[in-house]
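Enquirer: turn this into a structure:
(chains A, B, C and D)
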Number of protein chains: 4
Amino acid sequence: MNLAILTSGGDAPGMNAAIRAFVRRGLADNHTTWGIPRGFEGLVRGEPEALTAASVANILMTGGTILKTSRFLDFHQPDVRAAALHALGQWGIDGLIVIGGNGSLSGAFELNRAGAPIIGIPASIDNDIALTEYSLGFDTAVNNIVASIDKIRDTASAHERIFVVQVMGNQSGTLAIAAGLACGAEAIMIPERASDYDEIADRLRATYARGKRHSFIVVAEGAGSAQTVAQEIAQRTGQEAKWVVLGHTQRGGPPTAHDRIMAALFANHAVDLLASGTHGVMVRAHAGSIDSIPLAAVIDAEREPPLDWQDLAEILAR
Amino acid sequence: MNLAILTSGGDAPGMNAAIRAFVRRGLADNHTTWGIPRGFEGLVRGEPEALTAASVANILMTGGTILKTSRFLDFHQPDVRAAALHALGQWGIDGLIVIGGNGSLSGAFELNRAGAPIIGIPASIDNDIALTEYSLGFDTAVNNIVASIDKIRDTASAHERIFVVQVMGNQSGTLAIAAGLACGAEAIMIPERASDYDEIADRLRATYARGKRHSFIVVAEGAGSAQTVAQEIAQRTGQEAKWVVLGHTQRGGPPTAHDRIMAALFANHAVDLLASGTHGVMVRAHAGSIDSIPLAAVIDAEREPPLDWQDLAEILAR
Amino acid sequence: MNLAILTSGGDAPGMNAAIRAFVRRGLADNHTTWGIPRGFEGLVRGEPEALTAASVANILMTGGTILKTSRFLDFHQPDVRAAALHALGQWGIDGLIVIGGNGSLSGAFELNRAGAPIIGIPASIDNDIALTEYSLGFDTAVNNIVASIDKIRDTASAHERIFVVQVMGNQSGTLAIAAGLACGAEAIMIPERASDYDEIADRLRATYARGKRHSFIVVAEGAGSAQTVAQEIAQRTGQEAKWVVLGHTQRGGPPTAHDRIMAALFANHAVDLLASGTHGVMVRAHAGSIDSIPLAAVIDAEREPPLDWQDLAEILAR
Amino acid sequence: MNLAILTSGGDAPGMNAAIRAFVRRGLADNHTTWGIPRGFEGLVRGEPEALTAASVANILMTGGTILKTSRFLDFHQPDVRAAALHALGQWGIDGLIVIGGNGSLSGAFELNRAGAPIIGIPASIDNDIALTEYSLGFDTAVNNIVASIDKIRDTASAHERIFVVQVMGNQSGTLAIAAGLACGAEAIMIPERASDYDEIADRLRATYARGKRHSFIVVAEGAGSAQTVAQEIAQRTGQEAKWVVLGHTQRGGPPTAHDRIMAALFANHAVDLLASGTHGVMVRAHAGSIDSIPLAAVIDAEREPPLDWQDLAEILAR
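Expert: Next up, the predicted model:
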């Protein structure tokens, strides 16, 4: 079979590991493997490139995506999707894997509904894709944040300050919660649940009364800007509060072992499914194993952040 | 209640995070929290130390264990366990958490059977404890190995050599398999499944024929020594094969985010169970959530390594 | 002798290594060693704390400063300095080491002129102290920036974007130049030398014409904000330009080997000098060895950034 | 001019950064730049490859060498060197840069004496090349060792053990001394100065009497095997002593900022010299700047390890 792969939307560590696994696994089963450059845009403005075992050498340990990626807003237009479908037919692609987040999976769903044989692989450093326990890139992103906060802690401790650290997560607080729990943050602010500055300030004052000399607040970008949070907290506590926006340092770097392994397992299962004629599904991590679920179900569902972790983090930081 | 905790056997990253979570969570519920030094040995030769919120400040991000640990072979003797039970009674301990691997959980089981209110937390960089998907320290250890192999790869590539890397795992190949899959190892050797030098050499020759210029073999220590493997492979392939024993660099360093989070979840659940009067169980990760299972069941069961991952790794390294 | 040490101004990785070396070296020569908390502020509002060999165990590998630090603007007032001098006399301090940057060394100079036996150790992640080739913290800060940019590169490459990275350096571009040269930045902007947006944009366009698909501009905070630079460049090139402010992630974390070694050499030499009755000098790295130079000379001189490195970086990024 | 470069002997982090700087700097001055594969072997059995700006994209941050390297013992034979000289003439190479350690620089000297226009760049993780303060790869190697020992420390502390860590350095102890000073090792053993097991054991006993619970001995491979040292020390102290051989994890990984910068400065100066018709010299770091010195002088001289650092390390570990 002619199998193709593309990466779409925000890049996530593990995308390259998934591309490698797709190619090597595909070749082992005598498929021909193709890469589409620059996400969905490549379907209408690009050309597929044949991927060999050598094409994917030494990419397992790199972040980003060798296929490049883009956010291609025109793909919302039916005629653009029709052009994409036409191109897949012209190129003789028998199965396409789309690696990306909610927007990309939504595009994959539409294109599949129009007739393209597509399987999705969840990739999002926010881990905000419904019905899968894991999305590629999340573990690396959390560890990147943890490494940054572990560094900032030295200065926070030396200067006895409050630090507000802004992490990614425009509509999802899962990344902020995981990072905050892993770093011992005194407070975590997320878009899905309102925070109260007075309550946080009270809590910080109480920890200072117990002898703490520095503290951290992790705020998801969708819940407010670090600068604003720092001002509000400084005003209420009378303590100096500094702020940092971690930005794009969060999503790069060598993928963690977990991201490399999950990428291999997802791509391996996706090739199995395509070879067996299945499509219109997303592979996923569920209850300790790898299976799949219809893209239609994923699109309709919402993923809740682990609010119990947020509560626990705040208890443990006392 | 008077709640105590000890760490036993080989140290694992995440033990300190679990101690911190136990103390902070215990104090939040108005328990008194104690630490027993040096594992089971501390029960018969040591003294419990009161742990306060400040005792566990700044340990979340450190490997090792502030309570120290030991392998205490005398604990196999019934009279020594009786002395331990007596000590717990004298000290008025209402619940004890034992963090450790198979040997430690076996000791915990025996001591619980003798009457001590004990809950186990699985910790083992080998991830070889039955009936739990996760044991503390595994994720950090795998990532430590991956970081080491990513470095060795530079030299392997520059000198176009075969490298044999020996990792921990005396009776378990799970660590070797995960690391090998994450690093793109050409072959993985584990104690649970025999490997054939001729077959491996054939495979390496085939990859070299396809243009590969360096390769990796990951061998769990229980499956053979790196030096022997290197000699056998060099002899069969006619290629230079170097070897490295990673040793204790694997089990130290700051715990990964996953180990810190799992430590918090395990300790949190253990405190819940002790407070509710439950004991004789091990907390665990199962099907995407945290629950518990009788220590008796854990002791009797065996954990299989992910042999399908081993097979997949070898396909992907072609 | 009674020897004391304090850390002042911005924290720098290596301060703890210097404190450790001061204490251990001092004790080996039968001095009594004291720590002054919170920089110069501790001289007038604090109490010295006796430092033993155990006080400085396990701090060699940590950023920040166990003595805490502060920026103490009141120290510009002669009566506050008089109070500090009086306190040193009361406490019987025979020699004081001040670890810090230009502001702190200026304070040390004034206090020395007033009669206090002081030796300075240069510490500044900016490496902007005159007449010494090295200031503690610089090597760690450069490597922290390099690690961050190496991560951002993955996203820059995947999305084919220009990235503007803002680093510390309010009045000094040395950190920006070193980081830019080490990372292959296409352009470096510093406070000491004007940059021209048109010229940079021309250069970027030329590299894009030659096939480059992503590029980096490193800007010292004193030379402009990353956001402004990104807007100016995007406007001129027609390319999307993203920006990141690295902030406090730059100055923390375990000190590099170089910072640990230089800290030991500086503190060792400072103890030698104090024991021999020398003061009013700063220890320094000069022409491949460690010696000292009067604080008066340091205060009066200016350190030039390595402009030839800046030129070289731009040649090498073509 | 036609300028060529090769990497020879053991690989060292920074070699790729030097290759990149050579190419980009050479092209900027309108030279044609060539790479010789596999060190001196490539002169007699290989073909030069034209290196463009794109050939060296994205290699600045990688260890190893894209040109590959080898230890080519045949190069000691005059007729082999004559063949190399002949090849350089045939290819029209006007200047050759050799990046490597003592053996490679010795070969470069011989080939230069025979008439080839050669300049050496010192690269050796041992930093054992005479008359230069710095050889490429040393800083990365020291930091790799420090990172490993920082990890092992967790286990050493948790189990209260002595650890013996074997590092590279067959004939040179500079790497061991720098790493030992940076890590707080209690003892350092090097080939250039005899160590006495009784004296080390006495010292460790004294530190244990003062309350230390774990300790490190760093041994250069030329001074003994870690296993032997561990046995000798365990026997004399009655304490358990574990041992680790760090092996090839020391020489790989992304080069540090210092190695990237020194590589750029060395290569830049080497191109300057070749363009001006100078050869038969090695570029070097000397007294705070970059200059050059005849290869003949380098070959004849010996580099002393920093024995005062070794003494200082042992004082500071008390």
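Enquirer: what about A:Gln77, how many neighbours?
Expert: Number of residues near A:Gln77 (other Cβ atoms under 10 Å in any protein chain shown) recorded here: 10. C-betas here are computed from N, CA, C, even on glycine.
Enquirer: and the gap between it and chain B?
Expert: 38 Å (Cβ to the nearest Cβ, to the nearest Å).
Enquirer: and that residue, how close does it get to A:Leu85?
Expert: Relative to A:Leu85, A:Gln77 is positioned 13 Å away (Cβ to Cβ, to the nearest Å).
Enquirer: and if you look at A:Phe72?
Expert: 15 Å.
Enquirer: those two: which is more packed in?
Expert: Ranked by neighbour count (other Cβ under 10 Å), A:Phe72 and A:Leu85 place A:Phe72 first, with 22 against 17.
Enquirer: check contacts around the more buried one.
Expert: Going by Cβ atoms under 8 Å, 6 or more residues apart in numbering or on different chains, A:Phe72 touches A:Ser8, A:Arg38, A:Gly39, A:Phe40, A:Glu41.
Enquirer: let's see 6 Å
Expert: A:Gly39, A:Phe40, A:Glu41 (Cβ atoms under 6 Å, 6 or more residues apart in numbering or on different chains).
Enquirer: what's the span of stretch A:11-19, first residue to last?
Expert: Criterion Cα to Cα, to the nearest Å; first-to-last residue distance in stretch A:11-19 is 13 Å.
Enquirer: and it, anywhere near chain B?
Expert: No - using Cβ under 6 Å from any Cβ of the partner chain, stretch A:11-19 never reaches chain B; the gap is at least 8.5 Å.
Enquirer: distance from that stretch to the middle of the chain?
Expert: When distances are taken as Cα atoms, centre = their mean, to the nearest Å, stretch A:11-19 is centred 10 Å away from the chain's centroid.
Enquirer: and the helices in the stretch 101-250 of chain A?
Expert: Counting by DSSP state H, counting those that start in this stretch, the stretch 101-250 of chain A has helices at residues A:102-113, A:138-159, A:174-183, A:197-209, A:226-237.
Enquirer: tell me the angle the last one makes with helix A:197-209.
Expert: With axes from the mean of the first three to the mean of the last three Cα atoms, to 10 degrees as the basis, helix A:226-237 and helix A:197-209 are set at 60 degrees to each other.
Enquirer: is helix A:226-237 positioned near chain C?
Expert: No - Helix A:226-237 stays clear of chain C (Cβ under 6 Å from any Cβ), getting no nearer than 9.5 Å.
Enquirer: can you pull the buried residues of that helix?
Expert: Neighbour-count burial for helix A:226-237 flags A:Ala226, A:Val229, A:Ala230, A:Glu232, A:Ile233, A:Ala234, A:Arg236, A:Thr237 (criterion: 16 or more other Cβ atoms under 10 Å in any protein chain shown).
Enquirer: equivalent analysis for the first one, please.
Expert: For helix A:102-113, the buried set under the neighbour-count rule, 16+ other Cβ under 10 Å, comprises A:Asn102, A:Gly103, A:Ser104, A:Leu105, A:Ser106, A:Gly107, A:Ala108, A:Phe109, A:Glu110, A:Leu111, A:Asn112.
Enquirer: can you pull the pLDDT of the first one?
Expert: Looking at A:Asn102, its pLDDT is 97.
Enquirer: excluding its backbone neighbours, what's nearest it?
Expert: A:Ile129 (5.9 Å; Cβ to Cβ, 6 or more residues apart in numbering or on different chains).
Enquirer: ok, the third one next?
Expert: With Cβ to Cβ, 6+ apart as the criterion, A:Ser104 has its nearest non-adjacent residue at 3.7 Å, and that residue is A:Ser8.
Enquirer: one more: the last one?
Expert: Once flanking residues are discounted, A:Asn112 sits nearest to A:Ile118: 4.3 Å by Cβ to Cβ, 6+ apart.
Enquirer: the one you found pairs with what?
Expert: A:Leu96 (DSSP bridges).
Enquirer: which residues touch it?
Expert: A:Leu96, A:Val98, A:Ala108, A:Leu111, A:Asn112, A:His279.
Enquirer: quick one on the thing from earlier: who wins for proximity to B:Pro306 among the helices of the stretch 101-250 of chain A?
Expert: Evaluated over the helices of the stretch 101-250 of chain A, closeness to B:Pro306 peaks at helix A:138-159, with 17.6 Å, by Cβ to Cβ.
Enquirer: can you tell me which residues contact the residue sitting furthest away from the middle of chain A?
Expert: Distance from the C-alpha centroid of chain A, by Cα atoms, centre = their mean, peaks at A:Ala209 (38.2 Å). Contacts for A:Ala209 (Cβ under 6 Å, 6+ apart) come out as none.
Enquirer: hmm, back to that, which of the contacts of A:Ile118 lies closest to chain C?
Expert: Taking Cβ to the nearest Cβ as the measure, chain C lies nearest A:Val98 of the contacts of A:Ile118, at 15.5 Å.
Enquirer: residue contacts, that closest one?
Expert: Counting by Cβ under 6 Å, 6+ apart, A:Val98 touches A:Leu6, A:Ser104, A:Ala108, A:Ile118, A:Gly120.
Enquirer: contacts only, for the third one.
Expert: Taking Cβ under 6 Å, 6+ apart as the definition of contact, the neighbours of A:Ala108 are A:Val98, A:Ile118, A:Gly120.
Enquirer: for D:Arg45, state which of these is nearest.
Expert: The nearest one, if we look at the contacts of A:Ala108 relative to D:Arg45 and count by Cβ to Cβ, is A:Val98, at 47.1 Å.
Enquirer: and that closest one, that's in a strand?
Expert: Yes - counting by DSSP: H, G, I helix; E, B strand; the rest coil, A:Val98 falls inside a strand.
Enquirer: now it. Nearest residue, chain neighbours left out?
Expert: Closest to A:Val98 by Cβ to Cβ, 6+ apart is A:Ala108, at 4.1 Å.
Enquirer: check the gap between that neighbour and B:Gln231 for me.
Expert: For A:Ala108 relative to B:Gln231 (Cβ to Cβ), the value is 50 Å.
Enquirer: now A:Ile200
Expert: Counting by Cβ to Cβ, the gap from A:Ile200 to B:Gln231 is 62 Å.
Enquirer: what of A:Asp308?
Expert: 53 Å.
Enquirer: name the SS class of A:Ala313, please.
Expert: helix.
Enquirer: doesn't A:Ala182 make contact with it?
Expert: No - A:Ala313 is beyond contact range of A:Ala182, at 8.7 Å (criterion: Cβ atoms under 6 Å).
Enquirer: more neighbours: the two, which one.
Expert: Taking other Cβ under 10 Å, A:Ala313 and A:Ala182 do not tie; A:Ala182 has more neighbours (30 against 26).
Enquirer: next up, the contacts around that one.
Expert: A:Val146, B:Ala257, B:Arg260, B:Ile261.
Enquirer: can you check A:Gln250 too?
Expert: So A:Gln250 contacts A:Ala141, A:Asn144, A:Ile145, A:Met168 (Cβ under 6 Å, 6+ apart).
Enquirer: count of neighbours near the third one?
Expert: Looking back up the chat, that one is A:Ile145. Neighbours of A:Ile145 (other Cβ under 10 Å): 26.
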